[in-house]
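K.L.:
Here is the input, now give the coordinates:
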Amino acid sequence: MSKLRALIFDVDGTIADTERDGHRVAFNRAFAEAGLDWQWSIPLYGELLEVAGGKERIRYYLQKYRPDFQPPADLDSLIASLHGTKTKYFQQMVAEGAVPLRPGVKRLLKEARSQKMRLAIATTAALPNVTALLQHHLGPDSLSWFEIIAAGDIVPAKKPAPDIYHYVLQAMSIPASDCLAVEDSYHGLTAALQAGLKTVITVNDYTREQNFSGARLVLNHLGEPDQPFTVLAGNTGEATYLDLTLVHHLDQDRSSSYI
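P.N.:
Numbering: from 1, shown residues only. So this is what the prediction gives:
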């Protein structure tokens with residue numbers, strides 16, 4: 001009998017399509033408001049996503065693409081200010097309905113709650129962004145669905161380091177063997193695997209070509225009864241969407257990964 005007791009979700013790119021038409025656009029609006037001529041194109045943002053964390057992304061961009069930029073004496077404050085403005089714009093976009101949940105997410109979360117499955121979030125996204133996204137799509141009480149929401153700078157080393165997952169597991173007092181992580185990227189998978197977590201990947205436009213060796217499943221999305229997923233790697237039997245029956249099947253198959 002399965003011992004699986006908890007699902008741990010990433011947010012950006014996993015719970016919602018936040019990156020290309022959400023965070024990227026919000027960053028560009030923040031740069032414009034600050035009078036900066038920086039513009040992150042869709043391809044460039046794909047490269048910047050290799051760096052975990054929005055503030056870290058700005059610093060990397062300056063180092064690689066804007067060596068001519070004359071930083072102020074307190075560069076950390078500028079970066080923090082830009083990131084704060086970006087968060088404001090992102091939350092506005094969420095409130096306007098411009099950042100949708102991915103297929104199957106709401107259904108799986110509601111099923112997990114109905115079956116008393118423990119839920120948590122492990123993300124590098126800023127906590128205010130996570131809060132806004134969840135409450136807009138799942139309702140004002142949705143934060144209580146999750147035993148812990150570990151977000152932003154709660155740990156110093158971000159994914160692909162496993163620290164955020166270790167933090168969640170310790171806070172929940174639960175072994176990794178009793179949990180399944182849902183991620184969308186190589187960095188997220190690496191972090192989850194290093195923490196000993198079985199992992200399902202749902203790719204997006206930025207991550208579909210990444211290496212997901214070690215994942216139990218790689219899907220284009222979690223699927224709905226009327227919107228079946230596409231299995232990119234792994235074995236789902238007759239299932240056409242990820243539900244708790246399939247989740248428990250993945251847990252019962254102890255033979256490493258499918259890939």
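K.L.:
Do a quick rundown of the helices in the stretch 1-150 of the chain.
P.N.:
24-33, 42-48, 54-65, 75-95, 105-114, 127-138 (DSSP state H, counting those that start in this stretch).
K.L.:
got the angle for the first one vs helix 75-95?
P.N.:
It stands for helix 24-33. Here helix 24-33 points in a direction 130 degrees away from that of helix 75-95 (axes from the mean of the first three to the mean of the last three C-alpha atoms, to 10 degrees).
K.L.:
in helix 24-33, what counts as buried?
P.N.:
Within helix 24-33, the residues that count as buried by 16 or more other C-beta atoms under 10 Å are 24-31. Placement of C-beta: from N, CA and C, glycine included.
K.L.:
hang on, the earlier thing: which of the helices of the stretch 1-150 of the chain sits closest to residue 213?
P.N.:
With C-beta to C-beta as the measure, helix 42-48 is the member of these nearest residue 213 (20.8 Å).
K.L.:
pLDDT weak spots in this protein?
P.N.:
Residues of the chain that meet the criterion pLDDT under 70 lie in 1-2, 253-259.
K.L.:
which stretches of it form strands?
P.N.:
For the chain, strands defined by DSSP state E occupy the ranges 6-9, 118-122, 148-150, 179-183, 198-202, 217-219, 231-233.
K.L.:
closest to residue 244 out of the ones you listed?
P.N.:
strand 6-9 (8.9 Å).
K.L.:
Partner strands of that closest one, with direction?
P.N.:
Sheet pairing of strand 6-9 (DSSP bridges) gives strand 118-122 (parallel), strand 179-183 (parallel).
K.L.:
That strand: how far from the chain's middle?
P.N.:
Centroid separation between strand 6-9 and its chain, computed with C-alpha atoms, centre = their mean, to the nearest Å, is 12 Å.
K.L.:
what's in contact with it?
P.N.:
15, 108, 112, 117-123, 147, 165, 168, 172, 174, 178-182, 192, 197, 247 (C-beta atoms under 8 Å, 6 or more residues apart in numbering).
K.L.:
next one: stretch 198-210
P.N.:
So stretch 198-210 is contacted by 13-14, 17, 19-20, 45-46, 49, 102, 179-186, 188-189, 192-193, 212, 214-222, 232, 242, 247, 250-251 (C-beta under 8 Å, 6+ apart).
K.L.:
Go through it and flag the buried ones.
P.N.:
198-204, 206-207, 210.
K.L.:
need the residues you listed in TSV with distance to residue 85, can you?
P.N.:
Listed next are these as TSV, based on distance: C-beta to C-beta, whole Å:
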residue	distance to residue 85
198	38
199	34
200	34
201	32
202	30
203	30
204	25
206	23
207	27
210	30
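K.L.:
Show me which pair in those is furthest apart.
P.N.:
Checking the buried residues of stretch 198-210 with C-beta to C-beta, the most distant pair is 198 and 206, at 23.3 Å.
K.L.:
domain parsing for this protein?
P.N.:
6-17+100-252, 19-95 (automatic domain parsing).
K.L.:
from these, which stretch is densest packed?
P.N.:
Ranked by average neighbour count under the criterion mean count of other C-beta atoms under 10 Å, those are headed by domain 6-17+100-252 at a mean of 19.
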